[in-house]
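Student: Pasting the sequence and the predicted coordinates here, then a few questions.
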Amino acid sequence: MILPVYVFGHPILRKAAGEIDKDFNNLKQFIEYMFETMSESDGIGLAAPQVGKSVRIFIVDATSLEDKDPSLKNFKKVFINPIIMERTGEITPFNEGCLSIPGIREDISRESEIRITYYDTDFNFYDELYNGVPSRIIQHEYDHLDGILFTDRVAPLKKRLLKNKLSGISKGKFDVDYKTVLPGKIKVFRPQPS
Ligand code: NI
């Protein structure tokens with residue numbers, strides 16, 4: 001099932017997401033929906049708050065780019081309750097975009113290397129190191145779980161220039177071919193009069 005993507009300005013993108021446990025309802029099915037949604041919208045990463053669930057899960061799949069970057073081979077994963085334990089290495093810019101912020105791409109500076117702990121869908125525990133593009137993708141998605149968006153990380157001057165564009169996005173001024181949810185759009189169920 002393809003889920004709609006919540007866009008900039010929606011409060012769910014600003015909430016710190018909650019941890020989940022093994023009893024989380026239909027976990028594997030939800031993650032399957034996340035993968036379907038990400039692939040439909042040509043994303044390489046997607047965090048649960050972007051599809052309206054404020055829980056600490058994100059997924060990545062950058063295997064489509066492995067021809068260009070061998071470090072992305074097999075980089076298709078689920079991260080549950082992740083914790084970035086360390087960020088090290090050189091701080092370098094990398095061009096980022098986000099399904100929740102259509103039409104905007106910016107160079108964002110981040111550390112090149114991370115150590116992260118997380119669980120997979122069977123709640124096996126991992127403690128791993130990442131660098132290069134995988135590390136960048138993980139850091140971007142991880143931010144979503146804390147209510148942080150990549151546009152928060154641009155320089156103040158750039159931020160001022162982006163302000164109008166961002167407010168336009170929150171009002172629906174963008175063009176994408178995937179389903180979205182705008183801020184303030186509350187789904188109301190109205191029974192049909194008989
Ligand atoms: Ni994003």
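Tutor: Structure's in. What do you need?

Student: Give me the neighbour count for Arg153.
Tutor: By other C-beta atoms under 10 Å, 18 other residues sit near Arg153. (Glycine included, C-beta is placed from N, CA and C.)

Student: quick one, helices of this protein?
Tutor: Per DSSP state H, the chain carries helices over the ranges 27-40, 132-145, 156-170.

Student: Out of the ones you listed, the one nearest Arg105 is which?
Tutor: Across the helices of the chain, Arg105 has its closest neighbour in helix 156-170 (11.0 Å, C-beta to C-beta).

Student: Low-confidence ranges, the chain, go.
Tutor: Low-confidence segments of the chain, defined by pLDDT under 70: 185-194.

Student: Does anything pack onto the biggest strand by length in it? Which helices or strands?
Tutor: If you go by DSSP state E, the chain has its longest strand at strand 76-96. On a contact count with 3 or more C-beta pairs under 8 Å, 6 or more residues apart in numbering; DSSP states H and E, strand 76-96 meets strand 57-61, strand 106-119, helix 132-145.

Student: Go through those and pick out the most buried.
Tutor: The highest average neighbour count among the helices and strands packed on strand 76-96, using mean count of other C-beta atoms under 10 Å, belongs to strand 57-61 at a mean of 24.

Student: other SSEs contacting it?
Tutor: Going by 3+ C-beta pairs under 8 Å, 6+ apart, strand 57-61 lies up against helix 27-40, strand 45-47, strand 76-96, helix 132-145.

Student: how far off helix 132-145 does that strand point, in degrees?
Tutor: With axes from the mean of the first three to the mean of the last three C-alpha atoms, to 10 degrees as the basis, strand 57-61 and helix 132-145 are set at 150 degrees to each other.

Student: Just want the angle from strand 57-61 to strand 106-119.
Tutor: Between strand 57-61 and strand 106-119, the angle comes out at 110 degrees (the same axes, to 10 degrees).

Student: Just checking: what are the partner strands of strand 57-61?
Tutor: On the basis of DSSP bridges, the sheet neighbours of strand 57-61 come out as strand 45-47 (antiparallel), strand 76-96 (antiparallel).
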